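Peer 1: Here is my input, please return the structure:
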Amino acid sequence: MIRVPVAGELDARARATLPVRLLDLSPYGARIEHLDLLRPGSACTFELPPAIGPLMLFARVVHSSVVGAAPTPDGERMLRYHSGLAFTGITTAQQTTLASALERLLPGSEPRGGRLPV
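Peer 2: Next up, the predicted model:
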């Protein structure tokens, strides 16, 4: 199974409203960093950033763990998580789009995206 690490900071979305930073991507799932809790076993949607190919997939949270804390604008600290997502119910068209996105992430390609405030 191929899993492509994502260099730099590339935004994606999980649960349609949760900003996440994409850490790595494979044909079967993704590893993300985020500031709000995603419970293992829960279902969510995952949206790839337009810079590598707009695509929304259904996923299940496989694991989630606290990796640190991040400051908020008001001086508080929020927990920072890394979570693993497994894609579910992927169609043939989604597989094709995901394969193209993975090719764009291979060394030599540098997608541009915004930052997760961590």
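
Peer 1: and residue 47, what pLDDT?
Peer 2: As predicted, residue 47 sits at a pLDDT of 90.

Peer 1: same question, residue 1
Peer 2: At residue 1, pLDDT is 61.

Peer 1: What ranges in this structure fall below the confidence cut-off?
Peer 2: Residue ranges of the chain with pLDDT under 70: 1, 10, 13-17, 108-118.

Peer 1: the longest strand in it is where?
Peer 2: For the chain, the strand that runs over the most residues, judged by DSSP state E, is strand 55-71.

Peer 1: I'd like to check what contacts it. Which residues are they?
Peer 2: For strand 55-71, the external contacting residues (C-beta atoms under 8 Å, 6 or more residues apart in numbering) are 14, 29-30, 33, 35, 37-48, 77-90, 94, 97-98, 101, 117-118. The C-beta positions use only the backbone N, C-alpha and C, and glycine is treated the same way.

Peer 1: swap the cut-off to 7 Å and go again
Peer 2: By C-beta atoms under 7 Å, 6 or more residues apart in numbering, the list of residues contacting strand 55-71 from outside reads 29, 35, 38-48, 77-90, 94, 97-98, 101, 117-118.

Peer 1: Could you pick out which of these are located in strands?
Peer 2: Secondary structure from DSSP E places 29, 43-48, 77-88 of these in strands.

Peer 1: Drop anything exposed from the residues you listed.
Peer 2: Neighbour-count burial (16 or more other C-beta atoms under 10 Å) applied to the ones in strands among the contacts of strand 55-71 gives 29, 44, 46-48, 80-85, 87.

Peer 1: Closest one to residue 106 out of those, please.
Peer 2: Here the nearest of those to residue 106, counting by C-beta to C-beta, is residue 48; it sits at 15.2 Å.

Peer 1: Good, wrapping up.
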